[in-house]
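What follows is a protein structure lacking sequence information:
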């Protein structure tokens, strides 16, 4: 398994994995397949440009992209001490094999190296026991719970908010 920053040439593989995950687990993301399926590859490529300000990492088995995660920081001056992890996906065939742990460790090492960053947050759908266990094992703790955060096909899902102090791993 090799983990590296995604570059514009990874846009097609990223989009395929992202769209598949939005269809498979619509309650795990605030975005939807319908919102993202028509996103031009040129837009995704631009988001992966080194100067885009976005940091997405991919887990590769050879040339195959099998997992993704995004990490970043808030841009407003009063919020720049806060970072976030978003959009974590592991392809179904690669779950329970340590890929998520490796991706998250890479993202957190990147966040830990950000000057002035004090904390990293993430959100997950309540009831996702596997994700909760992973995040807790990597130093995150729960700080909030939002009832009915998402509505997918008329069904409501709660969100759990988690925080990790930078360097707490």
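In hand now; what should we look at? Bear in mind the structure is a predicted one, so any value in this text is a computation, not a measurement.

what's across from the residue lying closest to residue 144 once chain neighbours are set aside in the sheet?
Excluding the flanking residues, the one nearest residue 144 by CB to CB, 6 or more residues apart in numbering is residue 161, at 3.8 Å. C-beta: built from backbone N, CA, C; applies to glycine. Under DSSP bridges, the beta-bridge partners of residue 161 are residue 123, residue 144.

Contact partners for residue 161?
Residue 161 makes contact with 121-123, 142-146, according to CB atoms under 8 Å, 6 or more residues apart in numbering.

Show me just the buried residues among the residues you listed.
Buried by 16 or more other CB atoms under 10 Å: 121-123, out of those.

which among those residues gets closest to residue 64?
Nearest to residue 64 out of the buried ones among the contacts of residue 161 is residue 122 (CB to CB; 25.3 Å).

With residue 123 as the reference, measure out to the nearest residue to the closest one once chain neighbours are set aside.
Nearest in space to residue 122, with sequence neighbours left out and distances taken as CB to CB, 6+ apart, is residue 85 at 4.3 Å. When distance is defined by CB to CB, to the nearest Å, residue 85 is 9 Å away from residue 123.

residue boundaries of the helices in the protein?
Taking DSSP state H, the helices of the chain run over residues 11-24, 33-36, 41-47, 99-112, 129-137.

thinking again about what came up before, ok, the residue nearest to residue 122 - how many residues close by?
Counted with other CB atoms under 10 Å, residues neighbouring residue 85 total 25.

Now for it: which residues touch it?
Contact analysis of residue 85 by CB under 8 Å, 6+ apart lists 69-71, 104, 107-108, 111, 120-122.
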